[in-house]
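J.: what's the 3D shape of this:
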Amino acid sequence: MMTNLFSSFDPTTKMNLTLNWTSIFLGLLILPSMYWIVPSRMNILWIKMCLTLNKEFKVILKIKNMKKSMLIFMSLFSLILFNNLLSLFPYIFSSTSHLVLTLTLSLPLWMSFMIYGWFNNTIHMFTHLVPQGTPTILMPFMVCIETISNIIRPGTLAIRLTANMIAGHLLLTLMGSTGSKISFIMLNILIMSQLLLLMLESAVAIIQSYVFSILSTLYYSEVN
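T.: Numbering: from 1, shown residues only. Have a look, this model is predicted:
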């Protein structure tokens, strides 16, 4: 029983189990099916999407040996995409709506970028603290502002993904909870509006996984 609106995002309130976090690995059960019959429609769609992302990442990274880097960001995109889409199904725990997961993804990435950048490209990292053309009197303030904006990057990455996933799920929960209290005509309107909202949430799930991976790629490109 849902005691309040936000309890649907609590991993301990669904069926009184703490195994809801295993929903992160449900995407692994879907992935092998696309390789049974090659080329399948799902396989062709996935390859086209990967090639499109590959072109996007190539423009941002601008490095010759990028295979390992591409693998990291493509895996990150796939993980977030599968979890976002799976959370739209009934009775599947929404793991990407928790800061525990999103910070686990963004914080180690940001830390690794910073450690790599400051140890290998120290002068390059210092130049990023003062944008080109900054007046001399404003340089100390710009260093403080750029330092703070750099520190809060993993938080903004995590909160952006969490807030977007929570907002849509809350709206769907609110609309669905009123279904037993309205007339038949209003119920039909409610179902149609929920279907449209579900289509919007599917687009948001794809866009947010793309935004997370693209921003991570941008942060990586700044330390090279």
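
J.: In this structure, where is pLDDT below threshold?
T.: For the chain, the stretches flagged by pLDDT under 70 are 1-20, 30-38, 63-68.

J.: And the strands in this protein?
T.: For the chain, no strands are identified by DSSP state E.

J.: mind checking the longest helix of it?
T.: Across the chain, the longest stretch assigned as helix under DSSP state H is helix 184-222.

J.: buried set for that one?
T.: Buried residues in helix 184-222, counting neighbours by 16 or more other CB atoms under 10 Å, are found at 194, 201, 204-206, 208-217, 219-221. Where you see a C-beta, it was placed from the backbone N, CA and C, and this is true even at glycine.

J.: How about stretch 125-133?
T.: Neighbour counts over stretch 125-133 (16+ other CB under 10 Å) mark M125 as buried.

J.: Tell me the gap between that stretch and the middle of its chain.
T.: Relative to its chain's centre, stretch 125-133 lies at 29 Å (CA atoms, centre = their mean, to the nearest Å).

J.: List the residues that contact S193.
T.: M175 (CB atoms under 8 Å, 6 or more residues apart in numbering).

J.: Quick one: residues in contact with stretch 143-153.
T.: Identification of contacts with stretch 143-153 by CB under 8 Å, 6+ apart yields S106, W110, M114, H128, L129, V130, P131, Y219.

J.: Identify each buried residue in that stretch, please.
T.: N150, R153.

J.: Check stretch 167-181 too.
T.: Of the residues in stretch 167-181, those buried under the neighbour-count criterion (16+ other CB under 10 Å) are G168, H169, L172.

J.: same check, this time on stretch 117-127
T.: Going by neighbour count (16+ other CB under 10 Å), the buried part of stretch 117-127 is G117, M125.

J.: and it, how far apart are its ends?
T.: Stretch 117-127 stretches 12 Å from its first residue to its last (CA to CA, to the nearest Å).

J.: cool, stretch 121-140 as well?
T.: Start-to-end span of stretch 121-140 (CA to CA) is 21 Å.

J.: So S69 sits against L61, correct?
T.: Yes - counting by CB atoms under 8 Å, L61 is a contact partner of S69 at 6.2 Å.

J.: Name the residues contacting each of the two.
T.: In terms of CB under 8 Å, 6+ apart, S69 and L61 are both contacted by the residues Y220.

J.: sorry, back to before: what's the offset of the longest helix of the chain from the middle of its chain?
T.: 11 Å.

J.: Also stretch 144-158?
T.: Relative to its parent chain, stretch 144-158 has a centroid offset of 17 Å by CA atoms, centre = their mean.

J.: For it, list the C-alpha coordinates in PDB.
T.: Output of stretch 144-158 as PDB, limited to C-alpha atoms (Å, rounded to 0.1, in the frame of the first residue of the first chain):
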ATOM      1  CA  CYS A 144      36.300  31.300  -8.000                       C
ATOM      2  CA  ILE A 145      33.300  31.100 -10.300                       C
ATOM      3  CA  GLU A 146      34.900  28.500 -12.600                       C
ATOM      4  CA  THR A 147      36.100  26.400  -9.700                       C
ATOM      5  CA  ILE A 148      32.700  26.300  -8.100                       C
ATOM      6  CA  SER A 149      31.000  25.500 -11.500                       C
ATOM      7  CA  ASN A 150      33.500  22.700 -12.000                       C
ATOM      8  CA  ILE A 151      32.900  21.300  -8.500                       C
ATOM      9  CA  ILE A 152      29.100  21.100  -8.900                       C
ATOM     10  CA  ARG A 153      29.200  19.400 -12.200                       C
ATOM     11  CA  PRO A 154      28.600  15.800 -10.900                       C
ATOM     12  CA  GLY A 155      25.800  17.100  -8.800                       C
ATOM     13  CA  THR A 156      24.100  18.900 -11.700                       C
ATOM     14  CA  LEU A 157      24.500  15.800 -13.900                       C
ATOM     15  CA  ALA A 158      22.900  13.600 -11.200                       C
END
